[in-house]
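Undergrad: predicted model, plus sequence, below.
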Amino acid sequence: MGVSTDGQLCFGIAFEEEFMFPWTRDDDDEYEFEDWWREQRGWTQQWSDGDETFFARRREFDKEHPAPVECVLHCSFDYPMYILALPGTSKSASRGYPTAIEVELTPLDDAAILKFCADSGIEMNDDQRGAWLLSSLWG
């Protein structure tokens, strides 16, 4: 297994390394955004051996309760940093594989991200606003 670098483009707000999101675990640096979001919306079911319908039920729940942001990992797996991005705006290209993307680099409305942050108790600097962000991921 080798190391690769990915190029990434998304519309969102970048946060510094070690930023404590509501879904940040105290015992390590692992981020479990999707699990936290499901829990906030009332998902309580756990997977058990032999439960063949669990993932179908979870996909249906996710469709009925879409997250207003996407948590995009950048920098590296060893020193993770995150961008909260508008869903559907995240594009990536793996090392050695150029990827054609179609995107209008026009300003988008960051109101959904700002509302999500306010509702979730995520404190931001006054200068943090949504923007098209080009980032890399070494992993």
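TA: Structure received.
Undergrad: my read is residue 92 is in a strand, agree?
TA: Yes. Membership of residue 92 in a strand is supported by DSSP: H, G, I helix; E, B strand; the rest coil.
Undergrad: tell me the secondary structure for the closest residue to it other than its chain neighbours?
TA: Counting by CB to CB, 6 or more residues apart in numbering, the nearest residue to residue 92 once its immediate chain neighbours are dropped is residue 8, at 4.6 Å. C-betas here are computed from N, CA, C, even on glycine. Going by three-state DSSP, the secondary structure assigned to residue 8 is strand.
Undergrad: tell me what residue 8 is bridged to.
TA: Residue 8 has these beta-bridge partners by DSSP bridges: residue 92, residue 135.
Undergrad: how about residue 12?
TA: With DSSP bridges applied, residue 12 shows beta-bridge pairing to residue 85, residue 131.
Undergrad: that one and residue 120, how far apart?
TA: According to CB to CB, to the nearest Å, residue 12 and residue 120 sit 15 Å apart.
Undergrad: now the lowest-mean-pLDDT helix or strand in the chain: buried residues?
TA: Ranked by mean pLDDT, DSSP states H and E, the weakest helix or strand in the chain is strand 91-94, scoring a mean of 87. Within strand 91-94, the residues scored as buried using 16 or more other CB atoms under 10 Å are residue 92.
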